[in-house]
Structures are given as C-alpha cells and as structure tokens.
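# Build me a structure from this.
(one chain, ligands or ions: 1)
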Amino acid sequence: MTTLTTSEFVPLDLDASKWENLQPLYQALVDRELKCSGCLEALLLDRSELDAAASEAYANLYINMTCHTDDEQAKAAYLTLVENVLPQLKLIGFELDKKVVSCPHTKDLDQTRYEVMLRDLASDVEIFRDENVPLQTQDKKLGQQFSELCGAMTVTFQGEEKTLPQVAKHLEETDRAKREEVWRLVADRRYQDHDKLNDIFDEMIKLRHKIAQNAGFDNYRDYMFKAKHRFDYTPKDCEDFHKGAEEVCVPLFRKLNQQRAEALNVDTLRPWDLAVDTKGREPLRPFENADQLVAGTSRIFHRMGASLGEMFDTLRGGDSLDLDSRKGKAPGGYQEMRDRKREPFIFMNAAGMQGDLETMIHEAGHAFHSILSKEEPLLHYRHSPLEFAEVASMSMELLAHPFFDEFYSDQSQADRARRTHLEDLARLLPWIATIDGFQHCIYTNPEHTREDRTAKWLELDARFGAAVNWESLEQYKQVTWQRQLHLFEVPFYYIEYGIAQIGALQLWLQYKKDPQAALKNYQTALTIGGARPLPELFTAAGLEFDFGPQTMNRLMNEVQAELDTLPL
Ligand SMILES: [Zn+2]
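All right, here's what the predicted structure looks like:
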C-alpha cells in the first residue's frame with residue numbers, strides 16, 4: 001500500500017485519540033507566522049495531515065465500537081473522544097479557519113485551486129456566533145430526547161414486548177387482518193407520544209430560528225443554506241425538484257399503487273397494504289454468508305468494468321470489510337474512510353437479503369470514491385459534497401442491474417429485484433419532496449401554530465402521497481412526519497438524496513448507451529473528490545446539474561420503459 005505522506009509535521013506514531021497529543025500541534029499551527037503564500041500553503045497541508053490523523057482516530061474508535069457493541073471499553077473510548085476531543089477540535093478548527101480567511105496572503109494563492117476551500121471557510125467564519133454554541137448544544141440535546149423517546153417505544157405483540165422495528169416485518173404478512181393489527185399497534189403507540197414529540201419540535205423550531213437571527217439571517221432556511229455550503233443551488237431549485245416530483249413521479253407512483261390494489265384484489269389500498277409482496281412470495285435470498293456476498297459482488301464489478309472489479313478486490317483480504325451480521329454489532333451499514341492511511345472501511349449487517357446486496361453495492365461505490373480521490377493532498381478535497389457523494393454510490397446500485405444473475409440463477413428472481421428497486425425510486429423522490437417542502441415551510445414561517453403545521457403536512461401528503469385510503473385513520477396521518485428522524489436530528493438534510501438520485505439515474509442512462517464512456521466519466525469525476533464546486537463535479541461525470549421537471553421527466557420515462565420490460 002502507498003503511504004501518501006504530504007506533510008512531515010505530524011509524527012507517524014501520533015496517538016490522535018488524545019487531546020493532550022493533538023493540542024500542541026494545533027496550537028503550533030495557530031501560532032505559526034505566515035510570511036508569504038508559500039507559508040500559507042504549507043500550513044494548509046500540515047493542517048490537512050493533522051485533521052486527517054484526528055479524523056482517523058475518530059473513525060477507528062467508531063468502527064471498533066460498532067463492531068463490538070457489547071465491549072464496554074470500546075464504547076467508553078469512543079465516548080471519551082466525542083466528549084473531550086471533538087469540542088476542542090471544533091474550537092481550535094475555528095481559530096485556524098479565521099487565521100486562513102484573514103491572512104493577507106490568501107489573495108496570492110492559486111484562486112482556482114483554493115476556490116472551494118476558501119469559499120467554505122469564509123462562510124463558516126461569517127456565520128459563526130459565540131452565543132449560538134450553547135443553543136446548538138441545546139438543539140443536540142433535544143435531538144437526543146427525540147431519539148430516546150422513539151427508542152423506548154415498544155408494543156405487546158403475540159404476548160411479547162417488541163420494539164417497533166421488530167414488529168415492522170409483520171407488515172409483510174400475507175394475511176391482511178394480521179397486517180392491520182400490527183399497523184394499528186404501531187400507529188397507536190406512536191400516537192401516544194405525539195404531543196411530546198410536538199413539544200420537542202416546537203422547541204427546536206424556536207431555537208433554530210434564534211440561531212439564524214443571531215447570525216444575521218431572516219430565517220433558518222437561509223442560514224442553513226449557507227451552513228450546509230449550498231452555494232450552487234437555491235430554494236427555488238428545490239421548488240423545481242418538488243414540481244418535478246409532483247408532475248412526473250407522483251402519477252407513476254400512484255399508477256403503481258393502483259396495480260398493487262388490483263394484484264391484492266382490494267378496492268382501495270389501506271396503509272397496511274404497502275409492504276406485502278403482492279404475490280405472497282417469500283423474500284429474496286441472494287446469498288447465505290459474507291464470503292458469497294463478496295465473491296458475487298466482485299464478479300458483478302468485474303463484469304461492469306474491469307477497473308471497478310480490481311478496485312473492489314483491493315478491499316478484500318485486509319481489514320477493510322466487516323460484513324456478516326452477528327450478535328454485538330450495531331445496526332445499519334456505512335463506509336468510513338480512514339483519512340490518514342487512506343483506506344476505506346465498509347460495515348454491514350449482511351443477513352442474506354436483497355437489501356443487503358444493494359447496501360454492499362452502494363457502500364462499494366462510496367469506497368471507490370475514497371480510493372479514487374486519495375491522491376489529493378488536501379483532506380478538505382478528499383471528501384465531496386453529499387449531493388455528489390451519493391451519486392457515486394446510488395449509480396452503482398442501478399448499473400448493477402444487468403448482473404444480478406450472479407446471485408439469482410432464476411431470471412424471474414433477478415427481475416423481481418430490479419422491479420422492486422425501480423418502483424422504490426418512484427416512491428422515494430416524492431417522499432423527499434414532501435420532507436424538503438415541509439422544512440422550507442416550517443422554517444420560513446416560524447410563527448406557525450401546530451394547526452398550521454398539520455395543515456401544511458396534509459397539503460403535502462395530498463400533493464405527493466401514495467394513493468391510499470386513510471378513512472377513519474386521519475389522526476394518525478396528521479403525525480406521520482414524526483417518524484422522519486431527519487426533521488428532528490439533522491434539519492434540512494434530505495434533498496441531497498434527491499439531487500444525487502437524479503445524477504445516478506443520468507449515469508445509468510449513459511451506461512445503457514455506452515458503458516465504457518459512462519465508467520470513464522464516473523471515474524474522472526470521483527477522482528476530483530471535492531476539489532471543484534458541485535456543478536463541475538456533475539459536469540465532469542457528463543451529468544446535467546438540473547433537478548427540475550424536464551430532467552426528471554426524461555429520467556422517469558426511462559424508468560417506466562424499464563418497468564414495462566419487467567413482469568409484474
Ligand atoms: Zn450513501
């Protein structure tokens with residue numbers, strides 16, 4: 001493996017999980033005299049290596065904890081870092097940002113090379129307010145309250161106490177009465193806490209509005225556009241996305257709902273009819289263990305394009321994969337780059353399901369991004385904005401479609417996997433528009449009452465929701481937004497998935513026409529990392545940076561055409 005040291009400043013054996021080890025190095029950077037633009041560039045490289053060391057220490061402890069949730073020591077080590085090191089890093093990082101932004105030599109730097117970084121740092125410095133730090137902490141604490149409240153929700157099902165995720169799989173039961181029972185159990189349990197959740201959300205909105213005002217903004221939406229470095233698209237572009245979802249995706253989505261109702265032989269769909277397989281089939285089981293998953297995924301990537309297969313194979317054999325589901329492992333899946341040694345890591349709970357295969361392919365896309373951009377000297381540029389990072393992963397899910405035969409000897413099973421994925425796109429884009437539209441409205445109308453908020457939610461559901469009959473279930477429908485964690489814990493983070501999905505679909509179209517050219521574009525764009533503004537990353541991949549109705553129409557027509565070739 002290459003050692004890509006670009007700076008001698010950070011000792012190779014530094015234990016960067018301890019603040020007492022990091023502090024003198026960071027302080028030296030803050031105190032360093034900058035005589036010319038050369039000194040400034042050296043500072044940026046040294047800082048980059050130090051940040052990478054700190055980031056990798058975090059990644060290692062996080063990985064260790066999620067792989068061993070029953071190891072108290074691993075958990076304690078992670079929490080110590082979160083509580084003692086991260087806040088200090090934030091403070092001193094801000095000192096360094098200010099030093100760079102206010103340095104008279106920044107104007108002598110190569111403006112193209114440093115454009116993105118200087119733009120990001122300047123806006124972070126511009127919106128920072130001391131008085132917002134405790135407010136942001138309070139907001140985080142409210143987020144914890146939300147997550148504790150939801151985590152504590154249980155129901156008694158078949159005589160046993162179960163968490164809501166545990167009973168969710170019973171929504172796939174072929175017996176309609178059983179599904180209804182489970183659905184009502186869960187909805188009732190959530191509804192019990194709906195006032196508490198409303199209280200938390202009211203408080204969050206107040207806090208967030210105050211944070212925005214302190215920083216000199218009219219509202220939290222405008223503040224968050226800057227805080228999230230959304231320099232290249234506006235609220236108007238988000239509205240275009242909503243319009244596209246409404247005009248293009250919703251009709252397709254509702255047509256699929258109609259087909260579902262017919263297949264289930266019911267007059268109208270009820271909320272408990274959405275997860276069951278309409279033919280009563282068992283779930284797909286593409287593999288049995290992680291070795292099979294890795295071997296099959298490798299074959300998929302080799303067939304998709306030789307260089308992808310080779311890149312995927314570099315993840316095998318070392319310490320880059322922990323995929324099998326086992327006791328003592330955290331839920332979910334993720335890809336995490338270890339920023340100093342520049343090697344990706346993929347975590348999963350593979351249990352043999354089609355969803356696991358999709359996660360594997362998705363996270364591999366993130367790993368390709370990490371690998372292709374690892375020669376970039378600046379850490380700031382080795383990660384790209386989420387709107388593009390998810391193109392790297394979501395596009396792989398689509399490009400893998402023709403190669404599902406690696407996992408299914410039966411053509412009808414591969415077709416079923418493809419159909420499920422494409423149908424889900426028609427559902428997902430309107431849901432993203434719903435959540436995003438809700439947030440735009442909430443934060444630009446901070447004076448709204450709960451009744452106003454409910455009315456807006458129902459209006460959005462009428463515009464984007466499934467063709468489902470909620471008769472006599474209206475009170476549950478009014479609070480379905482409370483299930484969406486992002487609204488509480490990561491405000492305004494959601495449209496990114498939509499923008500990326502539009503990019504991924506475009507790359508899929510390219511690949512159908514000319515696989516070689518599409519993969520060349522993919523690799524070229526991923527190699528840039530985050531060194532250029534978002535629209536240029538799209539351009540480098542041969543994608544239009546546009547997510548309005550016209551682009552969406554072109555893409556969803558293709559999804560529809562593909563669906564027409566797949567059996568119902
Ligand atoms: Zn992802």
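
# Number of residues surrounding residue 255?
14 (other C-beta atoms under 10 Å). Using the backbone N, CA and C atoms, a C-beta is placed for each residue, glycine as well.

# Quickly find the element holding it.
For residue 255, the element it lies in under DSSP states H and E is helix 250-264.

# That helix: what's the following helix or strand?
Using DSSP H and E, the helix or strand that follows helix 250-264 in sequence is helix 290-304.

# Rounded mean pLDDT for that next one, please.
For helix 290-304, mean pLDDT is 97.

# Now do the phi/psi pair for residue 14.
Main-chain torsions, residue 14, degrees, to the nearest 10: phi -60, psi 130.

# my bad, residue 345
phi -140, psi 140.

# If it is in a bridge, with which residues?
residue 336 (DSSP bridges).

# Quick check, residue 397 in contact with residue 505.
No - shown here, residue 397 and residue 505 do not form a contact pair, counting by C-beta atoms under 8 Å, at 10.7 Å.

# who's more crowded, these two?
residue 505 (24 against 21).

# ok, the more buried one - contacts?
By C-beta atoms under 8 Å, 6 or more residues apart in numbering, the contact list for residue 505 reads 398, 425, 555, 558-559.

# Could you say which helix or strand holds it?
With secondary structure defined by DSSP H and E, residue 505 is part of helix 495-513.

# what angle sits between that helix and helix 290-304?
If you take axes from the mean of the first three to the mean of the last three C-alpha atoms, to 10 degrees, helix 495-513 sits at 60 degrees to helix 290-304.

# Let's see helix 495-513 as PDB, backbone CA atoms only.
Coordinates of each C-alpha in helix 495-513 appear next as PDB, following Å, rounded to 0.1, in the frame of the first residue of the first chain:
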ATOM      1  CA  ILE A 495     -32.900  17.000  -0.600                       C
ATOM      2  CA  GLU A 496     -29.300  15.800  -1.100                       C
ATOM      3  CA  TYR A 497     -30.500  12.300  -1.700                       C
ATOM      4  CA  GLY A 498     -32.900  13.600  -4.400                       C
ATOM      5  CA  ILE A 499     -30.300  15.600  -6.200                       C
ATOM      6  CA  ALA A 500     -27.900  12.600  -6.100                       C
ATOM      7  CA  GLN A 501     -30.600  10.200  -7.300                       C
ATOM      8  CA  ILE A 502     -31.200  12.400 -10.400                       C
ATOM      9  CA  GLY A 503     -27.400  12.300 -11.100                       C
ATOM     10  CA  ALA A 504     -27.400   8.500 -10.600                       C
ATOM     11  CA  LEU A 505     -30.300   8.000 -13.000                       C
ATOM     12  CA  GLN A 506     -28.500  10.100 -15.600                       C
ATOM     13  CA  LEU A 507     -25.400   7.900 -15.200                       C
ATOM     14  CA  TRP A 508     -27.500   4.800 -15.600                       C
ATOM     15  CA  LEU A 509     -28.800   6.100 -18.900                       C
ATOM     16  CA  GLN A 510     -25.300   6.900 -20.100                       C
ATOM     17  CA  TYR A 511     -24.200   3.400 -19.200                       C
ATOM     18  CA  LYS A 512     -27.100   1.800 -21.100                       C
ATOM     19  CA  LYS A 513     -25.900   3.700 -24.200                       C
END
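
# Now that helix: buried residues?
495-508, 510-511 (16 or more other C-beta atoms under 10 Å).

# One more: stretch 7-18?
Buried residues in stretch 7-18, counted by 16+ other C-beta under 10 Å: 7, 9-10, 14, 16-17.

# so what's residue 314 closest to, chain neighbours aside?
Distances taken as C-beta to C-beta, 6 or more residues apart in numbering place residue 371 nearest to residue 314, at 7.1 Å, with adjacent residues excluded.

# quick revisit: return the member of the buried residues of helix 495-513 nearest to residue 149.
residue 497 (24.9 Å; C-beta to C-beta).

# Verify the stated contact: that closest one with residue 433.
No - contact criterion C-beta under 8 Å: residue 497 and residue 433 do not qualify, at 11.0 Å.

# re earlier: could I get the buried residue list for the helix holding residue 255?
By 16+ other C-beta under 10 Å, the buried positions in helix 250-264 come out as 250, 252-254, 256-257, 260-261, 264.

# From residue 311, how far off is the residue nearest to residue 314?
According to C-beta to C-beta, to the nearest Å, residue 371 and residue 311 sit 6 Å apart.

# How about residue 103?
Taken as C-beta to C-beta, the span from residue 103 to residue 311 is 38 Å.

# For this protein, which element, helix or strand, carries the lowest mean pLDDT?
Least confident helix or strand, the chain: helix 164-168 with a mean of 86, by mean pLDDT, DSSP states H and E.

# buried sites along the very next helix or strand once past it?
Using DSSP H and E, the helix or strand that follows helix 164-168 in sequence is helix 176-192. The neighbour-count check on helix 176-192 (16+ other C-beta under 10 Å) flags 179-187, 190-191 as buried.

# and the angle from helix 176-192 to helix 250-264?
Using the same axes, to 10 degrees: helix 176-192 against helix 250-264 is 130 degrees.

# do you know how far the residue most central in space within the chain is from residue 547?
Closest residue to the average C-alpha location of the chain: residue 497 at 6.6 Å, with C-alpha atoms, centre = their mean. According to C-beta to C-beta, residue 497 stands 11 Å off from residue 547.

# Now the longest helix seen in the chain: average pLDDT?
Secondary structure of the chain per DSSP state H: the longest helix is helix 411-444. Averaged across helix 411-444, the pLDDT comes to 97.

# Equivalent analysis for stretch 317-328, please.
91.

# Could you list the buried residues of that stretch?
Buried-residue list, stretch 317-328, by 16+ other C-beta under 10 Å: 321-323.

# Which of the residues you listed fall in strands?
Per DSSP state E, strands hold the following members of the buried residues of stretch 317-328: 321-323.

# Include distance to residue 132 when you put the residues you listed into a markdown table, please.
Shown next, in a markdown table, are these (distance: C-beta to C-beta, whole Å):
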| residue | distance to residue 132 |
| --- | --- |
| 321 | 40 |
| 322 | 38 |
| 323 | 40 |
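
# Check the residues you listed against residue 220 and report the nearest one.
For these, the nearest to residue 220 is residue 322 (38.1 Å; C-beta to C-beta).

# my guess is that closest one meets residue 346, correct?
Yes - counting by C-beta under 8 Å, residue 322 does reach residue 346; the two are 7.5 Å apart.

# Return every residue with contacts to both of those two.
Residues touching both residue 322 and residue 346 by C-beta under 8 Å, 6+ apart: none at all.

# Give me the neighbour count for the residue nearest to residue 314.
19.

# Please confirm that it is located within a helix.
Yes - counting by DSSP: H, G, I helix; E, B strand; the rest coil, residue 371 is found in a helix.

# any low-confidence regions in the protein?
For the chain, the stretches flagged by pLDDT under 70 are 1-6.

# All the strands of it, in order from the start?
Using DSSP E, strands in the chain cover 154-157, 160-163, 321-324, 334-338, 343-350.

# Tell me which strands the third one pairs with, and in which orientation.
Taking DSSP bridges as the criterion, strand 321-324 sits next to strand 343-350 (parallel) in its sheet.

# Equivalent analysis for the first one, please.
Strand 154-157 has its sheet partners listed here by DSSP bridges as strand 160-163 (antiparallel).

# which residues touch the strand it pairs with?
With contacts defined as C-beta under 8 Å, 6+ apart, strand 160-163 is touched by 151, 153-156.

# buried residues in it?
residue 162.

# number of nearby residues for residue 567?
Here the number of neighbours of residue 567 (other C-beta under 10 Å) works out to 8.

# Kindly report the same for residue 407.
As a measure of burial, residue 407 has 22 neighbours, counting by other C-beta under 10 Å.

# what's the spacing between the nearest residue to it once chain neighbours are set aside and residue 563?
The shortest distance from residue 407 to any non-neighbouring residue, by C-beta to C-beta, 6+ apart, is to residue 286 (3.7 Å). Separation of residue 286 from residue 563 (C-beta to C-beta): 21 Å.
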